[in-house]
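# Build me a model from this:
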Amino acid sequence: MINGSKYLTDTIIDLPPSGIRRFFDLASGMEGVISLGVGEPDFVTPWHIREACFYSLERGYTMYTSNQGMIELREEIANYLNRWQNLCYDPEHEILVTVGVSEAVDLALRVLCRPGDEVLIPEPSYVSYVPCAVLAGGTPVVLDTMAEDEFRLTPEELASKITPRSKVLILPYPNNPTGGIMGRDHLQDLVDIIIKHDLIVISDEIYGELTYDGNHVSIATLPGMAERAIVMNGFSKAFAMTGWRIGYACGNRDIIAAMNKIHQYTMLCAPIMGQVAAIEALRHGEPEMRRMVEDYDYRRRLIFKGLKDIGLPSFEPRGAFYVFPSISVTGMSSVEFSERLLNEEKVAVVPGDAFGRSGEGFVRCCYASSVDHIEKALEKIGAFVARHKP
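Model prediction:
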């Protein structure tokens, strides 16, 4: 057998594995684990959306679509964003249907980054941004966000990290793992800096619909930002369609066209069955989506209070379906806390440093789980903290 590793590029060899996946694998190998680790809705895709897919298969919808995605879906995306965010996109030239938002992020970075171009990435944040920047030939530059600011990106932190090589700002709000959001005023504080330094913004809004105590605001709605922001969203979280792998990117037509160039040579198109289901979701799925959001809101308040009562404080998360409590009271690192909690109490959480260095001292708890599981997990976490509190 040949040694395959000798053929690998240095970039791949140096790329670390996902810190999230490691804990998923640990938890999956144990029986009786209560998982607060998986960032996936526990709701099944609503029946009428699944039925639309079944019906499309019966009619023989098993072929390729346009590389950009079905025009019917792009039109529905344009209508949806217009009524939800008052954004206006041309379905023919400014919308690309992708295989999840993850592909959209990868495509955007690959068309925007020349070697050495700097990609500004707030952390803690989703684990794929830094690797995707590296794989695109860019240089990731971490912007630290802090609990005292509710993990919002501040204009001071953004301005302090900009250099002549800065080109792209990733804006991941509502945020995974913290549950933090950026309101209109917070976003406006960034706009002058973005325009002054001629940055392009990748706005990952996959959790936008899951915003509590107010409405999500897209940075693309602010003056001067519509052509400068690439808005990305999808169906995984708000419509409980994670496995369908349908996302989309909207924005400047030149950038979207360039993204489609790579997309047509790699993915060709998103699966037609998923696209048909996404059309049904946008046409008739909002009532179920609102009910799911109400349910998440109840769980959010339950776990937030429960962790606070245990002695693991957090700012109140107002988006996504995560809470990011501090574990400093235990004196453990994020990894030690997560491993010991899993081994001793069979509760799975994700260590905060998996999402960047500023996540150390925190853990991510996902409340996209049943109320019964959340209550049992809180009981076990409480016992664990009481046993190990200095």
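
# What ranges does the stretch 151-300 of the chain have for its strands?
Taking DSSP state E, counting those that start in this stretch as the criterion, the stretch 151-300 of the chain carries its strands at 166-171, 200-204, 229-234, 247-250.

# and the last one, what does it pack onto?
Taking 3 or more Cβ pairs under 8 Å, 6 or more residues apart in numbering; DSSP states H and E as the contact definition, the neighbouring helices and strands of strand 247-250 are helix 71-85, strand 95-98, helix 100-112, strand 229-234, helix 253-266. For the C-beta atoms, the positions are set from N, CA and C on the backbone; glycine is no exception.

# Residues contacting the fourth one, please?
Strand 229-234 is touched from outside by 81, 87, 98, 100-101, 104-105, 108, 171, 200-206, 208, 218-220, 241, 246-252, 255-256, with contacts defined as Cβ atoms under 8 Å, 6 or more residues apart in numbering.

# Give me the sheet partners of it and which way each runs.
strand 200-204 (parallel), strand 247-250 (antiparallel) (DSSP bridges).

# right, and the helix or strand after the longest helix anywhere in the chain?
Secondary structure assigned by DSSP state H gives helix 286-310 as the longest helix of the chain. Counting by DSSP states H and E, the element after helix 286-310 in chain order, helix or strand, is strand 322-323.

# Paired strands for that next one, with orientation please.
The strands beside strand 322-323 in its sheet (DSSP bridges) come out as strand 363-366 (antiparallel).

# Endpoints of stretch 328-339, how far apart?
15 Å (Cα to Cα, to the nearest Å).

# can you pull the buried residues of that stretch?
Neighbour counts over stretch 328-339 (16 or more other Cβ atoms under 10 Å) mark 330, 332, 334-335, 337-339 as buried.

# which residues touch Y212?
293, 296-297, 300, 318-319.

# Turn those residues into JSON lines, columns for pLDDT, neighbour count and distance to A377.
Compiled in JSON lines, the contacts of Y212 are given as follows (pLDDT from 0 to 100; neighbours: other Cβ atoms under 10 Å; distance: Cβ to Cβ, whole Å):
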{"residue": "V293", "pLDDT": "97", "neighbour count": "17", "distance to A377": "21"}
{"residue": "Y296", "pLDDT": "97", "neighbour count": "21", "distance to A377": "16"}
{"residue": "D297", "pLDDT": "97", "neighbour count": "17", "distance to A377": "18"}
{"residue": "R300", "pLDDT": "97", "neighbour count": "25", "distance to A377": "14"}
{"residue": "R318", "pLDDT": "97", "neighbour count": "20", "distance to A377": "21"}
{"residue": "G319", "pLDDT": "97", "neighbour count": "24", "distance to A377": "21"}
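
# export those residues to JSON lines and tack on distance to S358?
Shown next, in JSON lines, are those (distance: Cβ to Cβ, whole Å):
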{"residue": "V293", "distance to S358": "28"}
{"residue": "Y296", "distance to S358": "25"}
{"residue": "D297", "distance to S358": "27"}
{"residue": "R300", "distance to S358": "22"}
{"residue": "R318", "distance to S358": "19"}
{"residue": "G319", "distance to S358": "18"}
